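Q: just need the structure, nothing else, for what follows:
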Amino acid sequence: MGETARNLLEMRGISKSFGSTKALDRVDFSVQRGEVHALVGENGAGKSTLMKILSGALEPDAGTIDLDGRAYRPASPIEGRRAGVAMIYQELNLAPQLTVEANVMLGIEEKRFGVWLERGRMKDRVRQTLDRLEHPEIDPDTRVIDLGVGAQQIVEVARALMSDARLVVMDEPTSSLSRQDTQQLFQVITSLKERGVGVIYISHFLEEVRRVADRFTVLRDGKTVGSGTVADSPTEKIIHMMVGRQLDQMFPRIPHDVGAPVLELRKIRGDPLPLSVDLNLRRGEILGVAGLVGAGRTETVRGVFGLDRLVGGTVTSMRNTGFRGPNGGGTGSVVKRCDGGATPWERICQGFGLLSEDRKEEGLAQNLSLADNVTLSRLHGYAHYGVLCLSSIKTACDEWITRLGIRARGWDQSVDGLSGGNQQKVALARLLHQGADIMLLDEPTRGIDVGSKVAVYELIGELAKQGKAILYISSYLPELFGIADRIAVMHRGRLVAVKNTEEWTEESIMAFCVGEDGGENR
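A: Residues are numbered from 1 along each chain as shown. Sure thing, here's the model as predicted:
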């Protein structure tokens, strides 16, 4: 009785089904005042469904919810927000064409006489909130579409703080943040705790869970399988609860041989980023790229792939094995100079494949099926006299669903109905089905659970073994150390250092990331 009395949130026996699929089965979950409670589990475990019920976006089939000692059953997210429940979703839930101010104040606008918006007052409140988050550089008048992904995440956090919530749900809040922004977010979480606000923290980064959470609850296959105090529970125990098996090796190393260069970047420049990048990528190599938000990593691969225009430098692809340069009379062939004329389709035909950082807006056609998304960039072989053979497409898609462990109802399910991690797997399946030889992977494990990450690492190792050249961008340094052969660091639009992985430490990488180690290309 005493434990329940301290609880800010009490969810008991929550069940929810979608047709024959039982997403939640009698789940119990509670949060105390001033507590950070981590909700963890693999993709498809039921975390998002449980939080949608909490927010009012879904109605449970069974169970009860108490908020601050009173029965709580919101009919919509607006009701949930008015009751003091603020949601920060993994997939950013912003109106991109509106300003930062409009997004932060959406639904809680201040009006004079109930009619005229108090623009000046609202703008001041937004600025104060951004100052609290130590991001005064974000202009309230800037459109969200003109911000980077990391800055957009800060806007999401600001919107939650603006509502004076009693309970804040953070779903993968650091997935797009730099280390510095992550530390600032942790400080915000600490201040929320001190004010008695409850925080539900959902993350696949268990080191973050250990850093910020007091207690944890594990969901698996829609059921509560364990809970406890973070300080008293080893990480291995939590992982075992999540996946139902032991993970002997988080970063499996698949032996692979590194060959001759297949991609050469020489002083490539974009507008405004990158400023200057010189890099060689070799056959069978996993080359990691580290850097803070705004370093120009994403802009570099977008320029190489033809999505953004390059204004200077050359991109050279060496087909086969020999490297003699663009004019050496050998097997090298220039596929992109500084004329900015390359297109993504030309890149695909040249053996390039890009996995976009923003899978929701760029990486997937959300309203199309799994089969459409997997085969979209390579349809030849499925057509007879101009007519697509759907049975062949279905068979190909089913093979990738099985190989990558995609949790879906079938090949014809719409991608927007999948969890974030399973969507990422579909995006990766498209690249593999396309048969790309030079793979540009931008945050490929973002939003993927622990078990699925291991599967992706194994797959990438197998691809390197097959001779694929892999450029691997990640903000998560442990995975770069775990799988990369070499690691390159970018700072303020320039590639400032490249070394074999064993020559780096996390501290030395961060020194280059923040510009404290000279900034000279090495």
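Q: so how many other residues sit close to the closest residue to Lys111 other than its chain neighbours?
A: What sits nearest to Lys111 in space, not counting adjacent residues and going by C-beta to C-beta, 6 or more residues apart in numbering, is Leu117, at 5.8 Å. Placement of C-beta: from N, CA and C, glycine included. Applying other C-beta atoms under 10 Å, we find 13 other residues in the vicinity of Leu117.
Q: wait, Leu117 sits on Glu109?
A: Yes: between Leu117 and Glu109 there is a contact at 5.8 Å, judged by C-beta atoms under 8 Å.
Q: which sections of this structure are below the confidence cut-off?
A: 1-5, 90-91, 176, 178, 245-248, 319-341, 516-522 (pLDDT under 70).
Q: centroid residue for it?
A: Centroid-nearest residue in the chain: Arg446, 3.1 Å away (criterion: C-alpha atoms, centre = their mean).
Q: that residue contacts Leu177, doesn't it?
A: No: counting by C-beta under 8 Å, Arg446 stays clear of Leu177, with 11.2 Å between them.
Q: pull out the buried residues from stretch 393-413.
A: By neighbour count on 16 or more other C-beta atoms under 10 Å, the buried set for stretch 393-413 is Ile393, Lys394, Ala396, Cys397, Asp398, Trp400, Ile401, Leu404, Ile406, Ala408, Trp411, Gln413.
Q: want to try JSON lines for those residues, with distance to Arg166 as columns?
A: JSON lines is the format used below for these (distance: C-beta to C-beta, whole Å):
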{"residue": "Ile393", "distance to Arg166": "49"}
{"residue": "Lys394", "distance to Arg166": "48"}
{"residue": "Ala396", "distance to Arg166": "49"}
{"residue": "Cys397", "distance to Arg166": "45"}
{"residue": "Asp398", "distance to Arg166": "46"}
{"residue": "Trp400", "distance to Arg166": "44"}
{"residue": "Ile401", "distance to Arg166": "41"}
{"residue": "Leu404", "distance to Arg166": "40"}
{"residue": "Ile406", "distance to Arg166": "37"}
{"residue": "Ala408", "distance to Arg166": "36"}
{"residue": "Trp411", "distance to Arg166": "43"}
{"residue": "Gln413", "distance to Arg166": "37"}
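Q: wait, which of the residues you listed is closest to Ser191?
A: Nearest to Ser191 among the buried residues of stretch 393-413 is Ile406, at 39.4 Å by C-beta to C-beta.
Q: that closest one touches Cys397, doesn't it?
A: No: judged on C-beta under 8 Å, Ile406 makes no contact with Cys397 at a distance of 9.3 Å.
Q: shared neighbours, the two?
A: Residues touching both Ile406 and Cys397 (C-beta atoms under 8 Å, 6 or more residues apart in numbering) are Leu370.
Q: and of the buried residues of stretch 393-413, the nearest to Gly19?
A: In terms of C-beta to C-beta, no member of the buried residues of stretch 393-413 lies closer to Gly19 than Gln413, at 11.7 Å.
Q: if we ignore the residues flanking it in sequence, what's nearest the closest one?
A: Nearest non-adjacent residue to Gln413, counting by C-beta to C-beta, 6+ apart: Leu370, 5.8 Å away.
Q: give me the neighbour count for that neighbour.
A: By other C-beta under 10 Å, the burial measure for Leu370, its neighbour count, is 30.
Q: show me where the stretch 351-500 of the chain has helices.
A: Using DSSP state H, counting those that start in this stretch, the helices of the stretch 351-500 of the chain run over 370-375, 390-404, 420-434, 450-465, 477-483.
Q: how about residues contacting the second one?
A: Applying C-beta under 8 Å, 6+ apart, the set of residues contacting helix 390-404 from outside is 370-371, 374-375, 381-382, 406, 408, 411-412, 425, 428-429, 432-433, 455, 459.
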